[in-house]
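>>> 3D model of this:
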Amino acid sequence: MTAVKSIDLRDNFKSFCDKVFGGETLIISRPRNENVVMISENEYNQLQKAKRNAEYLRMLEHSMEEAKAGNIIVKSPEDFN
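Here you go, the predicted structure:
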């Protein structure tokens, strides 16, 4: 992980992009502590996938808890006609 001032990022944007593409995480410090993090698109996609998976697992856990508590509705195929 590398920290850099925003002005230094502007002056050396390509080299910092190369570092990020190579797997480095870049923290860009800004005034009033409004910092941002720069990561590669691949890493971003992996984080988004992990987030979606975690949300899906939470939904499954909630559904299992509801079923164990008896909060289910049973329907037969005839109920859908």
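
>>> Check the gap between Asn35 and Leu26 for me.
According to CB to CB, to the nearest Å, Asn35 stands 10 Å off from Leu26. No exception for glycine: its C-beta is placed from N, CA and C like everyone else's.

>>> These two: which is more packed in?
Leu26 (18 against 12; other CB atoms under 10 Å).

>>> thinking that one is in contact with Val37, fair?
Yes - counting by CB atoms under 8 Å, Leu26 touches Val37, with 7.0 Å between them.

>>> Show me how the chain divides into domains.
1-38, 40-69 (automatic domain parsing).

>>> Deepest-packed of these, please.
Neighbour counts (mean count of other CB atoms under 10 Å) averaged over each of these peak at domain 1-38, with a mean of 12.

>>> Could you tell me the end-to-end distance of that domain?
10 Å (CA to CA, to the nearest Å).

>>> per-residue confidence averaged over the longest helix seen in the chain?
In the chain, with assignment by DSSP state H, the single longest helix is helix 41-68. Helix 41-68 shows a mean pLDDT of 96.

>>> Val20 contacts Ile39, correct?
Yes - at 6.4 Å, Val20 counts as touching Ile39 under the criterion of CB under 8 Å.

>>> Pull up the overlap in contacts between those two.
Leu26 (CB atoms under 8 Å, 6 or more residues apart in numbering).

>>> Export the domains of the chain to TSV and append columns for distance to Ser76.
What follows is those, written out as TSV (distance: least, CB to CB, whole Å):
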stretch	distance to Ser76
domain 1-38	52
domain 40-69	18
